[in-house]
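# Here is a sequence together with a model predicted from it:
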Amino acid sequence: MKKFTVLVAIDFSKSSYVVLEKALGFTNLMKADLHVVHVIEGSFFSKKVDLESAKESGFLKLSEKFSSIKKDNYHCVSGKVKVEVANTANILCADMIIMGNSGETNFLDTFIMGSHTKEIIKYAQTPILVMKKEHDIKYNNILILTDMSKESAHAIKYTAELFANSSITLVNLFYMPLGSTMSLYGMDPKSLAVYQQEIQDESQKELELFLKSLSLAKEMNVTARSIKSSLSAKTFNQEVKEIKHDLLVIHATQNVSFFAFDILEQSLADVMVVK
């Protein structure tokens, strides 16, 4: 049986060392395989520098801090970061990519998503865990955004299997028609209140049926909540503030929406993107 495989993308910055340290703890706990990839940007790579020499010096630097990482598990490649991280993950049949913010000056406690992080999330088809805080990769409470699609079901099942002992809350964000708009159509306040309650009840009912259709293990602690939303990333944290969570899971298809990227940056918790 194939072992769970994690790929950590590093740029030898302080923040990437923090991510690698936490990823090592996570993979040791799971008895999983950990690989590390460092990409030398093609535009900066001098033909005078031998790639094998660069790999050797990079591994020596890495082993000074992380002696448990095997040389065969360190990959140094040249090219576009998003392409080479994704390709390495595919070659290894990695189950997850773990990374933080990409860049020398931005550390985890002041997370600003760098361009490389965004590009890798867009390009890679492997689930990606983006660490935003300096802590162990252990999640007690997980919030999963769902639109009740087939892709969302896949993300939920993946998360539930990976973090089987966590409490999971499925959240469906729905938009409520504004009273000022509806009044233009001749709807009085009482009728509007009834109409809005019907929307909320129907949304909650649909979500609960979706949860039931997933056929998750009965011993799992999974609940579902339909929440009225402005569908704006700027108000997201306020809208879900009552739901305690240390990991936010977002599903995506081939492309990651601007809304998902905005939520990733706004989220106060770590974020996992599952495609």
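Here it is on my side, so go on.

# Let me see the ranges of the helices in the stretch 1-150 of the chain.
For the stretch 1-150 of the chain, the helices defined by DSSP state H, counting those that start in this stretch occupy 14-30, 51-65, 81-92, 115-123, 150-162.

# Adding mean pLDDT and distance to residue 175 as columns, could you present the ones you listed in a markdown table?
For every residue, glycine as well, the C-beta is placed using N, CA and C. Output for the helices of the stretch 1-150 of the chain, formatted as a markdown table (pLDDT from 0 to 100; distance: least, C-beta to C-beta, whole Å):
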| stretch | mean pLDDT | distance to residue 175 |
| --- | --- | --- |
| helix 14-30 | 93 | 36 |
| helix 51-65 | 91 | 48 |
| helix 81-92 | 95 | 33 |
| helix 115-123 | 84 | 25 |
| helix 150-162 | 95 | 17 |
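
# Now render the ones you listed as CSV, adding distance to residue 222 and mean neighbour count.
Listed next are these as CSV, based on distance: least, C-beta to C-beta, whole Å; neighbours: other C-beta atoms under 10 Å:
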stretch, distance to residue 222, mean neighbour count
helix 14-30, 21, 18
helix 51-65, 38, 14
helix 81-92, 28, 20
helix 115-123, 25, 19
helix 150-162, 7, 17
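
# With distance to residue 262 as extra columns, can I get those in JSON lines?
Listed next are those as JSON lines, based on distance: least, C-beta to C-beta, whole Å:
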{"stretch": "helix 14-30", "distance to residue 262": "21"}
{"stretch": "helix 51-65", "distance to residue 262": "34"}
{"stretch": "helix 81-92", "distance to residue 262": "19"}
{"stretch": "helix 115-123", "distance to residue 262": "11"}
{"stretch": "helix 150-162", "distance to residue 262": "18"}
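
# Which one of the ones you listed lies nearest to residue 8?
Distance to residue 8, taken as C-beta to C-beta, is lowest for helix 14-30 among those, at 4.8 Å.

# Let me know which of the helices of the stretch 1-150 of the chain is the nearest to residue 143.
Using C-beta to C-beta, these put helix 150-162 closest to residue 143, at 10.2 Å.

# ok, residues contacting whatever helix or strand comes next after that closest one?
Remark: after helix 150-162, the chain's next helix or strand is strand 167-175, criterion DSSP states H and E. Applying C-beta atoms under 8 Å, 6 or more residues apart in numbering, the contact partners of strand 167-175 are 140-148, 156, 159-160, 199-200, 203, 206-207, 210-211, 220-231, 239-240, 243, 245.

# at 6 Å what do you get?
Residues from elsewhere that reach strand 167-175 (C-beta atoms under 6 Å, 6 or more residues apart in numbering): 141-146, 203, 207, 221-227, 229, 231, 243.

# what's the distance between the closest residue to residue 32 other than its chain neighbours and residue 29?
What sits nearest to residue 32 in space, not counting adjacent residues and going by C-beta to C-beta, 6 or more residues apart in numbering, is residue 4, at 4.0 Å. For residue 4, the distance to residue 29 equals 11 Å [C-beta to C-beta, to the nearest Å].

# do the same with residue 19
Applying C-beta to C-beta, the value for residue 19 to residue 29 is 16 Å.

# now residue 131
16 Å.

# so residue 88 makes contact with residue 36?
No: using C-beta atoms under 6 Å, residue 88 is not in contact with residue 36, being 9.6 Å away.

# And for residue 72, the neighbour number?
For residue 72, the neighbour count with other C-beta atoms under 10 Å is 7.

# so where do the strands sit in this structure?
With DSSP state E as the criterion, the chain has strands at 5-9, 33-41, 74-79, 96-99, 128-130, 141-145, 167-175, 221-229, 247-251, 270-274.

# Redo the ones you listed as CSV? Include mean pLDDT.
Supplementary listing: the strands of the chain in CSV, determined by pLDDT from 0 to 100:
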stretch, mean pLDDT
strand 5-9, 97
strand 33-41, 93
strand 74-79, 93
strand 96-99, 95
strand 128-130, 95
strand 141-145, 97
strand 167-175, 92
strand 221-229, 93
strand 247-251, 95
strand 270-274, 94
